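>>> Pasting the sequence and the predicted model now:
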Amino acid sequence: MLDVAVIEEPAAAEASLDPIRSRILAALAEPGSAAMLAARIGLPRQKVNYHLKELERHGLVEFVEERRKGNVTERVYQATAESYVISPSALAAVSPDPSRAPDQLSARWLLALGARLVQEVGSLLTGATRAQRRVATFGIDARVRFASAADRAAFVEELTQAVAGLVGRYHDEAAAGGRTHRLVVGLHQVPGDGGMTAAPAGPPPMAGTAPESDPEAGQEDQR
């Protein structure tokens, strides 16, 4: 069972969002048959069995084994992952495009960046899982509490300059056999931690960033 699975197909996304099927997925963190699930979630076995078949058809649950109970043979299933993320690619026609209106101070643009991150990393994970390989990734998660809006503006300015310097130092457009990577730095106030404050005036768009397109996007990189 995977820790996290990415749902990219619209039909699979629809199946996972069904309230009954989402309950079944949660219950199948541990293997179970239709009869066992019926007892766990309080639904008729025939109804559970129908939803199990649909979830299996979309690759959200998998057959584990058969168990005999007297004259009855039960098929035991398990969810394919402990948790699921629906990729924006499941809504390709209306998925956000951060290149449409880039604005470093826009919360909606930051959301579009996050959606693109889910879509691209999800694609990498899907391909790597099929190839039974790992995805080379790195993440930083930090909390910063600013004393004032001015401090926050100064932090954004310094962060922008530091990232621009690093990108400019290491980016090599002409490198033979190089791999293009995307760097996203997000900063937002922690929900529930005090009142919302006005956004400060920000720095100009950062120069020297890596190109948007990657001819090898979706492929595993072990280097």
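Arrived safely. Please read all numbers here as calculations on a predicted model, not as lab measurements.

>>> Domain ranges for this protein, per the record?
Domain assignment for the chain by automatic domain parsing gives 2-84, 90-223.

>>> Just list whatever residues bridge to Q78.
Beta-bridge partners for Q78, by DSSP bridges, are E62.

>>> Quick check: the gap between it and A150.
53 Å (CB to CB, to the nearest Å). Where C-beta positions appear, they are placed from N, C-alpha and C, glycine not excepted.

>>> neighbour count winner among these two?
Neighbours were counted for Q78 and for A150 using other CB atoms under 10 Å; Q78 has more, 16 against 11.

>>> Quick check: that one touching L2?
No - checked against CB atoms under 8 Å, the pair Q78 and L2 is beyond contact range at 11.1 Å.

>>> Give the next helix or strand downstream of the helix or strand containing R116.
According to DSSP states H and E, R116 maps onto helix 107-130. The first helix or strand that comes after helix 107-130 along the chain, using DSSP H and E, is helix 149-170.

>>> in that following helix, what counts as buried?
Neighbour-count burial for helix 149-170 flags R152, A153, V156, T160, A164 (criterion: 16 or more other CB atoms under 10 Å).

>>> could those go into CSV alongside distance to H188 and pLDDT?
Supplementary listing: the buried residues of helix 149-170 in CSV, determined by distance: CB to CB, whole Å; pLDDT from 0 to 100:
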residue, distance to H188, pLDDT
R152, 11, 93
A153, 15, 92
V156, 12, 91
T160, 16, 91
A164, 21, 94
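
>>> Out of these, which is nearest to L43?
R152 (50.0 Å; CB to CB).
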